[in-house]
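>>> This is a predicted model, with the sequence first.
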Amino acid sequence: MTSASLLNVSKAYGKTPVLRDVSLNIKAGEFLAVLGPSGCGKTTLLRLLAGFETPTEGEVQLGDRTVASRSVMVPPEKRGLGIVFQNYALWPHMSVAQNVGYALKVAGLPRAERDQRVREALETVDLTRFADRRPADLSGGQRQRVALARCLAARNNLVLLDEPLANLDVRLRATMEEEFRRFHRESGATLVYITHDQSEAMALADRVAVMDKGRILQCASPRQLYREPANATVATFIGDGLLFPVENVRPEYAGRVRATLLGVEVTMRATPPQGPVPFAIATCHPGNLRLCADHEQNGLDVVITSRVYRGGHWSLEMRPYADQSLTYTIDLPDRGGSLPEPGDDARVAFDDLWLLPEGQGAPFGSTKTNQSSTTDQKKVLQCV
Ligand SMILES: Nc1ncnc2c1ncn2[C@@H]1O[C@H](COP(=O)(O)OP(=O)(O)OP(=O)(O)O)[C@@H](O)[C@H]1O
């Protein structure tokens, strides 16, 4: 097991910055996913760890060894890590067993040990019966398992995976997810897994680093990302979170605050300590709102603008009467009852809200006037 760290790493191609002051600590034995939209710099981060790129600023460390800095650059083959690419990177003219054993041969391992390691690795990924086949005669999932077996045989302590499931169909992806879990368990290696697929990252990783525009916005467990996003971008990216302007936020008790959300009194989870603040942004997921009776207190009055059946649940789009410039889409389970139609009025209640931490997506505690603060909040709500 090897830990890996990026310390204040920046990377630019020419004058274009691609990574900006990224710091990340990957613990030994951890399964870390790096998640973000196309072009946000995920692959560049992986290539810096692998040694295919040099940082413009900052340091890369593997274990307690500095492998890249202003004065040091350890080449990829000396970093002792394995890489699994989305295109598998197998030698087409070699058999499966030869592919798995190739690096061991180059490293000069005696034949008997090489053969034993290859045998064990192929057994672990359930490919023993394909040992003599060529990669061209395997399915995509089987080829990916050859790439994993190669890391197992090499006993890599750190394995970097670059969108390894991107070329596989949906059913095979689910099977391969299990394969990665098993690989992690049995190898004990530290895994860094690049993906733009949120559900894959959430299902596999101990922690997920969410990236956007060359920065890490938050690195946390899947559950914490979902329930306690650090800012408005993470909130909307993970699980289609909704954002609501709130006013007059005051602490209720540890970990909970009261606030006024579009005229409605609500309580919500928050990071303690939270002093009183005039304006902020709250978030919840589309499934955390429900239709409620007209007389229910603390409901938000809305007009329904569209209704779509999505198999098992309905998506209802609505505009709050308190601010018709805002639009929200909520998910309601299909329980067979009747639902409001476009043009109908309705009232919705909040089951679970989270207050974005101070300063994240809101002019929290600012001395601005009410009017400009509200305008800033709206800008955040509209642009994320
Ligand atoms: N060698 C290069 N020269 C110039 N620009 C590059 C180079 N490699 C990457 N970039 C740019 O850096 C940015 C980040 O690229 P990167 O491949 O790291 O993103 P990504 O998040 O992995 O994207 P994707 O999910 O689409 O693979 C992109 O705008 C890309 O065009």
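Yep, it's here. All of these numbers come straight from a predicted model, not from anything done at the bench.

>>> mind checking the end-to-end distance for stretch 212-230?
In stretch 212-230, first residue to last residue: 13 Å (C-alpha to C-alpha, to the nearest Å).

>>> buried stuff in that stretch?
By 16 or more other C-beta atoms under 10 Å, the buried positions in stretch 212-230 come out as 212, 214-220, 222, 225-230. The C-beta positions use only the backbone N, C-alpha and C, and glycine is treated the same way.

>>> can you give me the strands for the stretch 51-200 of the chain?
57-62, 65-68, 81-84, 158-162, 190-195 (DSSP state E, counting those that start in this stretch).

>>> Can you report how many residues neighbour residue 263?
12 (other C-beta atoms under 10 Å).

>>> need the contact list for it.
300, 322 (C-beta atoms under 8 Å, 6 or more residues apart in numbering).

>>> can you start the count at 11 instead of 1 from here on
Sure, I'll start counting at 11 from here, so that last one is residue 273.

>>> and the gap between it and the ligand?
41 Å (C-beta to the nearest ligand atom, to the nearest Å).

>>> Next one: that residue, what pLDDT does it get?
Here the pLDDT value assigned to residue 273 is 94.

>>> With residue 98 instead?
So residue 98 comes in at 62 (pLDDT).

>>> Just after the helix or strand harbouring residue 288, pick out the following helix or strand.
Counting by DSSP states H and E, the element that carries residue 288 is strand 287-294. Note on strand 287-294: by DSSP H and E, the next helix or strand toward the C-terminus is strand 299-301.

>>> In the helix or strand just after that next one, which of the residues would be classed as buried?
Following strand 299-301 in sequence order, the next helix or strand is strand 310-319 (DSSP H and E). For strand 310-319, a neighbour-count test (16+ other C-beta under 10 Å) marks 310-312, 314-315, 317 as buried.

>>> ok so, going back, give the pairing partners of the strand holding residue 288; include direction for each.
strand 252-263 (antiparallel), strand 364-365 (antiparallel) (DSSP bridges).

>>> Could I have the CA atoms of it written out in PDB?
Provided in PDB are the C-alpha atoms of strand 287-294 (Å, rounded to 0.1, in the frame of the first residue of the first chain):
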ATOM      1  CA  VAL A 287     -26.500  35.400   9.100                       C
ATOM      2  CA  PRO A 288     -28.800  37.400   6.800                       C
ATOM      3  CA  PHE A 289     -28.600  35.500   3.500                       C
ATOM      4  CA  ALA A 290     -27.500  32.000   2.400                       C
ATOM      5  CA  ILE A 291     -28.300  29.100   0.100                       C
ATOM      6  CA  ALA A 292     -29.900  25.900   1.100                       C
ATOM      7  CA  THR A 293     -30.000  22.700  -0.900                       C
ATOM      8  CA  CYS A 294     -31.800  19.400  -1.100                       C
END
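
>>> as a whole number, average confidence for it?
Strand 287-294 comes out at a mean pLDDT of 93.

>>> same question, stretch 196-215
91.

>>> related to what we said a few turns ago, ranking the strands paired with strand 287-294 by mean neighbour count, which comes first?
Comparing the strands paired with strand 287-294 by mean neighbour count (mean count of other C-beta atoms under 10 Å), strand 364-365 ranks first with a mean of 24.

>>> Could you tell me how far it lies from the centre of the chain?
Computed by C-alpha atoms, centre = their mean, to the nearest Å, the separation of strand 364-365 from the middle of its chain amounts to 19 Å.

>>> Next, the residues that contact it from outside, please.
237-239, 245, 256, 259, 267, 269, 278-281, 284, 290-294.

>>> what comes up buried for the strand holding residue 288?
287-294.

>>> And those residues, which two are furthest apart?
Comparing all pairs in these by C-beta to C-beta, the longest separation belongs to 288 and 294, at 21.1 Å.

>>> Do me a favour and get the backbone dihedrals for the residue lying closest to residue 142 once chain neighbours are set aside.
Of all residues not flanking residue 142 in the chain, residue 105 sits nearest, at 5.1 Å (C-beta to C-beta, 6 or more residues apart in numbering). Reported as degrees, to the nearest 10, the phi and psi values for residue 105 are phi -70, psi 170.

>>> burial of residue 105, as a residue count?
Residue 105, neighbours per other C-beta under 10 Å, totals 17.

>>> In contact with the spatially closest residue to residue 189 that is not a sequence neighbour, which residues?
Using C-beta to C-beta, 6+ apart and skipping residues adjacent in sequence, the residue nearest residue 189 is residue 155, 6.3 Å away. Residues in contact with residue 155 (C-beta under 8 Å, 6+ apart) are 135-137, 186, 189.

>>> how near is residue 155 to residue 190?
According to C-beta to C-beta, to the nearest Å, residue 155 and residue 190 sit 10 Å apart.

>>> how many other residues sit next to whichever residue of the stretch 161-310 of the chain sits closest to the ligand?
Nearest residue of the stretch 161-310 of the chain to the ligand, counting by C-beta to the nearest ligand atom: residue 206, 5.0 Å away. Per other C-beta under 10 Å, the neighbour tally for residue 206 reads 17.

>>> what does the one 3 residues further on give?
Residue 209: 12 surrounding residues under other C-beta under 10 Å.

>>> residues in contact with it?
Contacts of residue 209 by C-beta under 8 Å, 6+ apart: none found.

>>> State the helix or strand in which the nearest residue to residue 34 once chain neighbours are set aside lies.
Distances taken as C-beta to C-beta, 6+ apart put residue 16 closest to residue 34, at 4.7 Å, once the chain neighbours are dropped. Taking DSSP H and E as the definition, residue 16 sits inside strand 14-23.

>>> Show me what that strand is packed against.
strand 26-36, helix 52-60, strand 67-72 (3 or more C-beta pairs under 8 Å, 6 or more residues apart in numbering; DSSP states H and E).

>>> Give me whichever of these is most buried.
helix 52-60 (a mean of 23).

>>> picking up where we left off before, I figured the residue nearest to residue 34 hits residue 76, correct?
No - checked against C-beta atoms under 8 Å, the pair residue 16 and residue 76 is beyond contact range at 11.6 Å.
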